[in-house]
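A.B. asks: Predicted model, plus sequence, below.
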Amino acid sequence: MRALLAAPASPWGTIEGVTDQPATPTELRTARLLLRPPRPEDADAYFEIASDPEFAHFGSRQTIDREATGRALARIIAMPWEQRPEFAIVLEGQVVGRVMLDVDRLNRIAALGYGIGRPWWERGLATEAARAALDYAFEALGVAKVWARADPRNVGSVRVLEKLGMQREGLLRGHLFFRGERVDRVYYGLLREEWEAAR
Ligand SMILES: CC(C)(COP(=O)(O)OP(=O)(O)OC[C@H]1O[C@@H](n2cnc3c(N)ncnc32)[C@H](O)[C@@H]1OP(=O)(O)O)[C@@H](O)C(=O)NCCC(=O)NCCS
């Protein structure tokens with residue numbers, strides 16, 4: 001209950017998993033980045049980022065298509081913000097990636113996802129953007145836990161989760177069928193009290 005009271009801005013009010021008020025799309029700022037709700041015109045940047053074979057290596061089941069990217073982005077924009085907030089990651093005026101939360105309202109947990117375009121890798125941008133989204137999930141959405149999953153071979157992604165202070169919770173072996181092979185997934189999580197203690 002203390003955790004709930006510590007999150008007065010929660011769009012759900014104070015009755016766990018019952019009340020459900022809309023949240024407003026929001027911009028976040030970090031030292032280097034603007035995180036803003038995506039716009040339809042971001043489809044080209046999303047496509048350029050996602051169609052890079054190195055970017056898609058661990059994450060994409062099908063060929064990336066420009067029109068499909070636009071349709072997917074339109075669906076994301078149309079979703080209720082409190083259910084699936086997504087931020088385009090903007091560096092010096094350019095969209096360089098995206099970070100999103102998939103919120104399970106009943107259980108008050110959120111799944112974290114992110115991607116940075118190949119030209120901007122290993123500059124700390126995913127960590128910086130994901131940390132801001134993580135803080136947003138706890139502060140503004142009032143969730144009790146944020147979790148994420150990755151291909152354990154995706155060293156960069158696993159490292160981002162570790163740098164965020166998330167705990168490795170388990171390995172699901174042969175969990176997905178992906179490009180003709182069974183692949184593992186490693187799960188990470190951060191509880192609200194761990195996030196508070198680390199602040
Ligand atoms: C995974 C990804 C988001 C990392 O983005 P990034 O901006 O390069 O990450 P950061 O710069 O914040 O790096 C965080 C740490 O991971 C390390 N790292 C990042 N990419 C790495 C790589 N390919 N190999 C080894 N280490 C890597 C960085 O060196 C850094 O570690 P350090 O601070 O200990 O030196 C990016 O590679 C990406 O978008 N990949 C494709 C999509 C994807 O896999 N998304 C995640 C799905 S779960």
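C.D. replies: Cool, got the structure. Residues are numbered from 1 along each chain as shown.
A.B. asks: so what's His57 up against?
C.D. replies: By C-beta atoms under 8 Å, 6 or more residues apart in numbering, His57 lies in contact with nothing. C-betas here are computed from N, CA, C, even on glycine.
A.B. asks: Could you report the distance from it to the ligand?
C.D. replies: Using C-beta to the nearest ligand atom, to the nearest Å, His57 is found at 7 Å from the ligand.
A.B. asks: Now do the phi/psi pair for that residue.
C.D. replies: Per-residue torsions, His57: phi -50, psi -50 (degrees, to the nearest 10).
A.B. asks: ditto for Met79
C.D. replies: phi -70, psi 150.
A.B. asks: That one and the ligand: what is the separation?
C.D. replies: 20 Å.
A.B. asks: so where do the strands sit in the chain?
C.D. replies: In the chain, the segments counted as strands under DSSP state E are 28-29, 33-36, 86-91, 94-104, 109-116, 145-150, 167-178, 181-191.
A.B. asks: TSV for those strands, including distance to the ligand?
C.D. replies: Formatted as TSV, those follow (distance: least, C-beta to the nearest ligand atom, whole Å):
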stretch	distance to the ligand
strand 28-29	16
strand 33-36	11
strand 86-91	9
strand 94-104	6
strand 109-116	4
strand 145-150	4
strand 167-178	12
strand 181-191	9
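A.B. asks: could I get those as a markdown table with mean pLDDT?
C.D. replies: Output for the strands of the chain, formatted as a markdown table (pLDDT from 0 to 100):
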| stretch | mean pLDDT |
| --- | --- |
| strand 28-29 | 98 |
| strand 33-36 | 98 |
| strand 86-91 | 98 |
| strand 94-104 | 98 |
| strand 109-116 | 98 |
| strand 145-150 | 98 |
| strand 167-178 | 96 |
| strand 181-191 | 97 |
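A.B. asks: Understood, closing this out.
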